[in-house]
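*Asks:* Sharing a sequence plus its predicted fold:
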Amino acid sequence: MAKKIIVAVIVALVILILLYSVSMQRYQIAVQWIEDGVFSKATCYIDEFPFIIELYDPGFVSYAYAGEAMEYGRFDEAMELLKPLAEKNYRDSVQMLKECMEKVANSPNK
């Protein structure tokens with residue numbers, strides 16, 4: 001019985017390590033897309049493991065989705081995602097929030 005428990009624990013650890021490795025690889029790819037300014041490509045790489053990425057880099061998932069919203073002209077949505085990040089001065093969220101606010105203020109629909 002003890003051997004079964006030990007094997008189960010080892011298998012679980014191996015699975016967790018593999019899951020973490022895959023998610024970190026996807027995180028690195030997402031970071032590269034964001035650095036290239038293509039947030040919509042980055043979000044494709046964080047969709048599968050957002051909870052692990054959030055543990056590693058709190059705020060990154062919201063940041064990526066805010067950037068994607070900005071790419072598609074959804075500035076109100078982006079502002080809601082950016083406000084808590086800007087309070088923490090996460091990456092360039094303050095500048096992104098200002099840009100969204102300007103876009104909304106200058107929108108002909110207002």
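*Replies:* All right, it came through fine.
*Asks:* Only C-alpha atoms from now on, for both contacts and neighbour counts.
*Replies:* Noted.
*Asks:* mind checking how far residue 95 is from residue 35?
*Replies:* Relative to residue 35, residue 95 is positioned 15 Å away (criterion: CA to CA, to the nearest Å).
*Asks:* cool, and residue 28?
*Replies:* Residue 28 sits 11 Å away from residue 35 when distances are taken as CA to CA.
*Asks:* So which of these two has more stuff around it?
*Replies:* Looking at residue 28 and residue 35 with other CA atoms under 10 Å, you find the greater number of neighbours at residue 28, namely 14 against 11.
*Asks:* where does that one land on pLDDT?
*Replies:* Among the per-residue scores, residue 28 holds a pLDDT of 95.
*Asks:* report the longest helix in the chain, please.
*Replies:* Taking DSSP state H as the assignment, the helix of the chain that covers the most residues is helix 2-35.
*Asks:* Can you mark which positions in that helix are buried?
*Replies:* 20, 23-24, 26-27, 29-31, 33-34 (16 or more other CA atoms under 10 Å).
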